[in-house]
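Q: okay, here's the prediction I keep looking at, along with the sequence it came from:
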Amino acid sequence: MKYQPNRDRRIFLENGSVYEGRGFGADGDKIVEIVFNTSPVGYQEILSDPSYTDQGVVMAYPLIGNYGMNDDDYECKTPTVGAMIVREYNSEPSNFRSTETLGEVMKRFGVVGVSGIDTRKLVREIREFGSCRALITSADTDIPTALAKMKAAEIPHDAVSRVSRTVPKHYIGENGRFHVVAVDCGMKENIVRSFLKHGCDLTVVPWDTPADIILSLKPDGVFLSNGPGDPADVPEVADAVRRMIGKVPIFGICLGHQILSLAYGAKTYKLKFGHRGGNHPVKNLLTGKIEITSQNHSYAVDADSINHTPLTVTHLNLLDNTVEGVECAKDAAFGVQYHPESAPGPQDSAYLFDRFTQLMKEAKEHA
């Protein structure tokens, strides 16, 4: 491990806090929403998860980069995360699968990095103050200049359109018993792999594809993907879902779960600091079992608003009692806030893909 004694980078938070560290990855200034992730492994999947678009991710685990980067574990081909902030960055990884260092990949895709800061303190501050804007810049920037830059910066609302594919793509699954149309709001590659393993052919369409076009593809089921930002920023998707409810089974993950809830008339709100990590306990109210889940989201579905919809709550987060799953059994529609495709994360909730295929099977039998 080679350390650079100089501290050449500063992180400014909206509340005036300043952290100094060493730069790695790409150069340049970056304004991000600062958040934290508690996973001890999976930094490659986190770096390449489109849901982190424009966010600066503080890794709570102290050592990052030690097993390098490989060609197979990317969740998207072009990472859009804003920055990665770590306690200790290892630039000399040791792993037989490694083909590049984390810093090399970050530099290629324009992702700035800062190491050598007290990430424990920063995580505690985010928990207390909440997710907020942060400026990553050079060490000679002063507080008034940094605060002025952050105040002047516009908050982007086009994250989904930036990470969604622009043309449809078709995948052939194992056995191909069902045809699923997936609405790409920032879809992770492991979700694609999960559907293919569960006997589904998959057609992935852009985020703004109208309902009539989706239904013209004759899907056995429609999937609503994960993605970045506020679900209220993509009312077009909720409108398309509203037009498909009851016509075909629907399954949503993360942002897709929120969009499904909005389509039914529920509301969403922003969490103080979000849920990000691979160890969140969720209770399945249908079975009484506890699942250890992988999570990455800033928004949640308002529990009280669900009371005025046909939806019922199926899962609850045991850390803060937020809604983690909803369903409308009559319409064969359901969604979960967490990530059953588990990249990175545990495998407790992979059964949800089986549940979706069962709904599609029943719908085909009754057609």
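A: Received the coordinates, thanks.
Q: I85 bridge partners, please.
A: V58, V114 (DSSP bridges).
Q: so how far is H315 from G130?
A: Between G130 and H315 the distance is 24 Å, computed by C-beta to C-beta, to the nearest Å. (Glycine included, C-beta is placed from N, CA and C.)
Q: higher neighbour count, those two?
A: H315 (27 against 16; other C-beta atoms under 10 Å).
Q: can you map out the helices along the stretch 51-200 of the chain?
A: Along the stretch 51-200 of the chain, the segments classed as helices by DSSP state H, counting those that start in this stretch run 102-108, 119-129, 143-152, 159-163, 189-197.
Q: longest strand in the protein, by residue count?
A: In the chain, assigned by DSSP state E, the strand with the most residues is strand 268-284.
Q: following the chain onward from it, which element is next?
A: Tracing the chain C-terminally past strand 268-284 and defining elements by DSSP states H and E, one meets strand 290-301 next.
Q: right, and D233 touches S161 too?
A: No. Applying C-beta atoms under 8 Å as the test, D233 and S161 come out as separate, 9.2 Å apart.
Q: any stretches of the stretch 201-350 of the chain with poor pLDDT?
A: Applying pLDDT under 70 to the stretch 201-350 of the chain flags the ranges 343-345.
Q: now the strands: where do they sit in it?
A: Taking DSSP state E, counting those that start in this stretch, the strands of the stretch 201-350 of the chain run over residues 221-224, 250-253, 268-284, 290-301, 312-317, 323-328, 333-336.
Q: want to throw those strands into TSV with distance to E174?
A: Compiled in TSV, these are given as follows (distance: least, C-beta to C-beta, whole Å):
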stretch	distance to E174
strand 221-224	16
strand 250-253	18
strand 268-284	26
strand 290-301	23
strand 312-317	28
strand 323-328	27
strand 333-336	23
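Q: closest one to R10 among those?
A: strand 268-284 (21.7 Å; C-beta to C-beta).
Q: contacts for the top helix by length along the chain?
A: Taking DSSP state H as the criterion, the chain has its longest helix at helix 351-365. Outside of helix 351-365, the residues that reach it under the criterion C-beta atoms under 8 Å, 6 or more residues apart in numbering are 177-178, 180, 194-195, 198-200, 220-221, 223, 248-249, 251, 332, 334, 336, 340.
Q: buried subset of those residues?
A: Restricting those to buried positions leaves 178, 180, 194-195, 198-200, 220-221, 223, 248-249, 251, 332, 334, 336, 340, with burial counted as 16 or more other C-beta atoms under 10 Å.
Q: before we move on, the earlier item: which strands or helices does the longest strand of the chain pack on?
A: strand 30-37, helix 119-129, helix 255-263, strand 290-301, strand 312-317, strand 323-328 (3 or more C-beta pairs under 8 Å, 6 or more residues apart in numbering; DSSP states H and E).
Q: try 10 Å
A: strand 30-37, helix 43-47, strand 55-59, helix 119-129, helix 255-263, strand 290-301, strand 312-317, strand 323-328 (3 or more C-beta pairs under 10 Å, 6 or more residues apart in numbering; DSSP states H and E).
Q: for the third one, packing partners?
A: Other helices and strands packing on strand 55-59, by 3+ C-beta pairs under 10 Å, 6+ apart, are strand 30-37, helix 43-47, strand 83-85, strand 112-115, helix 119-129, strand 132-138, strand 268-284, strand 290-301.
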